[in-house]
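In: predicted model and sequence follow; I will ask about them next.
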Amino acid sequence: MKILHIHDIPTTKCNVGQQLKELGHRVKSIPAELLSTLGPVRFELIVLDVPACRLKKWLQEANQHFALPVFWWCEEQKPVTTAPYQKIDGMLFCGMNPIELQWSLLVGLKNYEHRIYLEREYTFLSSKFEERKRIDQAKAIISNSNNISEAKAYEMMRTQAMSERRKLIDIAEAVITTSRLNMKPGHDARRRKI
């Protein structure tokens, strides 16, 4: 694997880059402040070798430049409760033997895949939920303005979407926009049907 090792104040107890190289990985080590100057080099994962107090800062910076699994090389003596663990896919430390390091990297890669899947699923479901709210809003507008049931209003929108070969959400957005324009003062009070 090609690993980007980012260090702030490098861990003094062990040479992180060297340990990863001994496992057969290709490692590029850079100081954290040079992260933004790094060109388009391809890596498979990032190891942040930074203290907990600066982890959040460098984690955000790494996530701005790369969409990769991120591991924290942790040398803290006690658990840190303020660390942003939601974007950390794995943790490594000097006391690990080579087998433990390899397994931690593999488990972290799986954590990353799962996290990315959940983020995509959340984004998809959120957009569908927002669309549903907009369609329901348009349905209510048509129902109220034409004095018909919401089921009939939905059917009218659906029929129009099919006849115009448009998405239902596009029809709903048009209904909402038209409704807003009709409500503006000084505008013609007559309501237009879809």
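Out: Here it is on my side, so go on. Numbers count the residues shown, from 1 in each chain.
In: residues in contact with Leu45?
Out: Residues in contact with Leu45 (Cβ atoms under 8 Å, 6 or more residues apart in numbering) are Met1, Ile3, Leu4, Leu68, Pro69, Val70, Phe71, Leu105, Gly108, Leu109, Tyr112. (C-beta placed from N, C-alpha, C; glycine too.)
In: for it, report the pLDDT, please.
Out: Note on Leu45: pLDDT of 92.
In: show me what it bridges to in the sheet.
Out: Bridge pairing for Leu45 (DSSP bridges) gives the partners Ile3.
In: distance between the longest helix along the chain and the chain's centre?
Out: Taking DSSP state H as the criterion, the chain has its longest helix at helix 98-146. In this view, helix 98-146 has its centroid 9 Å away from the chain centroid, taken as Cα atoms, centre = their mean, to the nearest Å.
In: who does the helix or strand following it touch, helix- and strand-wise?
Out: Per DSSP states H and E, the first helix or strand lying C-terminal to helix 98-146 is helix 150-164. Secondary-structure packing of helix 150-164 (3 or more Cβ pairs under 8 Å, 6 or more residues apart in numbering; DSSP states H and E): helix 98-146, helix 168-183.
In: give the buried residues for the shortest one.
Out: Across helix 168-183, burial judged by 16 or more other Cβ atoms under 10 Å covers Leu168, Ile169, Ile171, Ala172, Glu173, Ala174, Val175, Thr178, Ser179.
In: tabulate those residues in TSV, adding columns for distance to Leu125 and pLDDT.
Out: Shown next, in TSV, are these (distance: Cβ to Cβ, whole Å; pLDDT from 0 to 100):
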residue	distance to Leu125	pLDDT
Leu168	17	94
Ile169	15	94
Ile171	22	93
Ala172	18	94
Glu173	20	94
Ala174	24	93
Val175	24	93
Thr178	28	91
Ser179	27	89
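In: pick out whichever of those residues sits closest to Thr123.
Out: Each of these was checked against Thr123 using Cβ to Cβ; the closest is Ile169, at 16.1 Å.
In: excluding its backbone neighbours, what's nearest that closest one?
Out: Glu131 (4.8 Å; Cβ to Cβ, 6 or more residues apart in numbering).
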